[in-house]
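Q: Need the 3D shape of this:
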Amino acid sequence: MYYLRVGGALLGFLLASLYGVAIALFRRDRSLVAHDYAQMLARLMRPPLGLRVRVEGCEHLLEHRPCIYLANHQSAYDVPVLADLYPPDTVVIGKREIRRIPFFGWLYATTGNVLIDRADNPSAVGRLREAEEAVRSRSVSVWIFPEGTRGTVPGRLLPFKKGAFYMGVATGAPLVPVVVSPVRPLFDPERRRCRPGTVRVRILEQLPTRGLSDEEVPRLMEEARARMEEALRTLVTDVDSR
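A: All right, here's what the predicted structure looks like:
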């Protein structure tokens, strides 16, 4: 059943990506391309996985624009979980390796998202500066995974990188934490497990950054992490026992 479900999700990924390439070739507004592509990913990948997503705090998603979304990162399963929450006029900060994924990597880059090389710190800082400028000049929001990589222990956050918080202080854009319940009960590639069930996502109230200085970044980062950890402790993934 694992291979059947994962194979169905990969087929959905391929079909959604072909759709994304098609609309990218003919539509000028690339931010809408990214949004529509993300919606299609959720629509075609979730059913084969038996995945349902329950969102709490939807009112905070678009309450403040532009903003910087902070989300915990667990696995490739984050794509179908979070895809239909992706707002228009938003760029995602991701690792350079994403560029190698067929279709998805091209769409990721061509729709204005930012790929950084974490092994090359000066280059990574430069790309984050590009995202800052996009917030200022085009009023786009930024979606970033502050842990910098996938979490290895379900229900626990890795230490945060400071880039998102310096970006918030530099632009005055508020931080909006997005917390996803542990997905390991449903999806565990190491154990070849893929079960149907419900993942819960909680969107927290904003953390204001306007008027703050760089010296306050450690405090801001600590507060964001504490809020997200508290939410994570209360979120439970429901496994479908049928």
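Q: Check the offset of stretch 16-35 from the chain's centre.
A: 19 Å (C-alpha atoms, centre = their mean, to the nearest Å).
Q: can you confirm Val6 is in a helix?
A: Yes - under DSSP: H, G, I helix; E, B strand; the rest coil, Val6 sits within a helix.
Q: Offset the numbering so it begins at 254, please.
A: From this message on, residue numbering opens at 254, which makes the last subject Val259.
Q: what's the neighbour count on it?
A: 17 (other C-beta atoms under 10 Å). Where C-beta positions appear, they are placed from N, C-alpha and C, glycine not excepted.
Q: pLDDT at it, what is it?
A: Here, the pLDDT recorded for Val259 equals 94.
Q: Find the least confident helix or strand in this protein, judged by mean pLDDT.
A: Between all helices and strands in the chain, the lowest mean by mean pLDDT, DSSP states H and E belongs to helix 374-391, at a mean of 69.
Q: Contacts only, for the closest residue to Thr364 other than its chain neighbours.
A: Spatial nearest neighbour of Thr364, excluding adjacent residues (C-beta to C-beta, 6 or more residues apart in numbering): Ala287 at 3.9 Å. Contact partners of Ala287, counting by C-beta atoms under 8 Å, 6 or more residues apart in numbering, are 339, 341, 343, 360, 364-366.
Q: go on, Leu302?
A: For Leu302, counting by C-beta under 8 Å, 6+ apart, the contacting residues are 258-259, 261-262, 333, 439-440, 447, 449.
Q: what two of those residues have the greatest distance between them?
A: Gly261 and Leu439 (14.6 Å; C-beta to C-beta).
Q: Those two: which is more packed in?
A: Leu439 (24 against 17).
Q: Tell me where this protein has helices.
A: Under the criterion DSSP state H, the chain contains helices at 255-279, 283-302, 331-335, 357-363, 374-391, 416-424, 470-487.
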